[in-house]
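Student: Fold the following for me, if possible:
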Amino acid sequence: MLGVDGVRAGRHVLTVHPDGHWRLDTTAASSADVRLVDHVAAPALYDAHIHLHPDVALSEYLAYGVGRVRDLGSRIEDAPVRRDCADPVPELVRGGPMLDRPGPPRLLIAATWDDPSQLPALLDGSVERGASWVKLYEGFPVELFATTVQQAHARGLRVAIHPAPGDYRAALDAGVDELEHLACLVPPGPRGSHALLARWAERRARDDWPAGLGGDAVCPTLLVQHSLVTEARRGWTFEGHDPRVADFWRASAIARRPWTEGELTAGERAVDALRKAVGELDAAGVRWVVGSDTPNPGLRPGASMWQEMNLLVDAGLDRLRVYRAGSVAAGLTAAGTHPIVVLPRAALEAGPFPVAPPAATLLAGCLFRPRPETPSEEPEESRRVRDL
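Tutor: Numbering: from 1, shown residues only. Presented below is the predicted three-dimensional model:
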């Protein structure tokens, strides 16, 4: 098992109670319903940056061991709710609405507002819907940062921001709790994906941006740029993806046309510069939060979380530290209620994390496993082990 002090070898018995509590020990007698040899139990993954979408099933996250997700802005007011073991729905941390510029929203998932006096009511609405986070988008006025953060904190809401170029420092000074997207942490300049990629492509070792981030929380979402450049190079074919989702991606502004060779080259250089910046910021003391930003172009729910973690490891971060940053807890203790994932033992030992469904995921007293080739003959209504 992965404990708070490292991986502990040996036989462990996981006892699951009907109310969802579980207990781990090494001495209990076992008449186990499920036996998993050469595997390791660990806290389940927590994808801290997603956007709910009607064409993306939440069960796909759970199938890859993601037991908790954080929605940072969507138009799905009635999110699926887990009622019993027949509902493979991860824990949902609600955010929103997304606050962008005043006037008609550019984004379908952004709230409509015209005057700062309307913002408290939007924050109250977030609390009423059970949100614990609110996200500011790049068009949100800098002069309203401090007041809005204070109003959000007074209501128990934490604040994340997708900052415009040059605004991340002002956001931190205003008390914003978390910065989203490493690619956005650039000096003042033009906005838009191509402009950001071009800026990162031009970054040199002597450049001191992004600076002043020691101890601050950053959700880098490296996979967004990595996937954009990869899919652009392939001509936006999105092979292997749901055709409906692929059409949705191809309708986005960034994928409506082929990229020029210059844009592709700049994108590839930017991806490399972002990877190098991770090591610099880590040395400065940044606190990493791991999220995929699904459903951005080319990203798969659940699988993309493992890919994002692999990019952070490739950038030089310690594997176990990345896993802990991307999971619901730093490690397993003797008892608890949070989701657990069971992985092949090698998954936490060396090499890249396997981008594949785990052996099992425990959530709220239900054990979910990959669908077997031969279905179980046990009556479905009596089972607390569910196939995904």
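
Student: quick one: secondary structure of L311?
Tutor: The three-state label for L311, taken from DSSP: H, G, I helix; E, B strand; the rest coil, comes out as helix.

Student: is it true that it touches L223?
Tutor: Yes. At 6.0 Å, L311 and L223 qualify as touching, with contact defined as CB atoms under 8 Å. To be clear about C-beta, it is placed using only N, CA and C from the backbone, and glycine gets the same treatment.

Student: Look at the two and report which has more neighbours.
Tutor: In terms of neighbours (other CB atoms under 10 Å), L223 is the more surrounded of L311 and L223; the figures are 25 against 21.

Student: so which strand or helix has the more buried one?
Tutor: Element membership of L223, judged by DSSP states H and E, is helix 222-233.

Student: could you dump the following helix or strand past that helix to PDB, C-alpha only?
Tutor: Tracing the chain past helix 222-233, the next element assigned as helix or strand by DSSP H and E is helix 243-250. In PDB, the C-alpha atoms belonging to helix 243-250 read as follows (Å, rounded to 0.1, in the frame of the first residue of the first chain):
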ATOM      1  CA  PRO A 243     -17.000  11.400 -33.400                       C
ATOM      2  CA  ARG A 244     -19.400  13.700 -31.600                       C
ATOM      3  CA  VAL A 245     -16.600  15.000 -29.300                       C
ATOM      4  CA  ALA A 246     -14.200  15.200 -32.200                       C
ATOM      5  CA  ASP A 247     -16.700  17.400 -34.200                       C
ATOM      6  CA  PHE A 248     -17.000  19.600 -31.000                       C
ATOM      7  CA  TRP A 249     -13.300  20.100 -30.900                       C
ATOM      8  CA  ARG A 250     -12.900  20.800 -34.600                       C
END
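
Student: please begin residue numbering at 702 from this point
Tutor: From this message on, residue numbering opens at 702, which makes the last subject helix 944-951.

Student: how distant is helix 944-951 from the center of its chain?
Tutor: For helix 944-951, the distance from its own C-alpha centre to the chain's C-alpha centre is 21 Å (CA atoms, centre = their mean, to the nearest Å).

Student: Then stretch 1039-1057?
Tutor: 17 Å.

Student: Quick check: end-to-end length of that stretch?
Tutor: 21 Å (CA to CA, to the nearest Å).

Student: Outside of that stretch itself, list whatever touches it.
Tutor: Contacts made with stretch 1039-1057 from outside it, assessed by CB atoms under 8 Å, 6 or more residues apart in numbering, are listed as 703, 708, 715, 723, 737, 739-746, 765-766, 768-769, 791-792, 1004, 1007-1008, 1010-1011, 1014-1015, 1020-1021, 1024, 1029-1030, 1033, 1059-1065.

Student: Alright, calling it a day.
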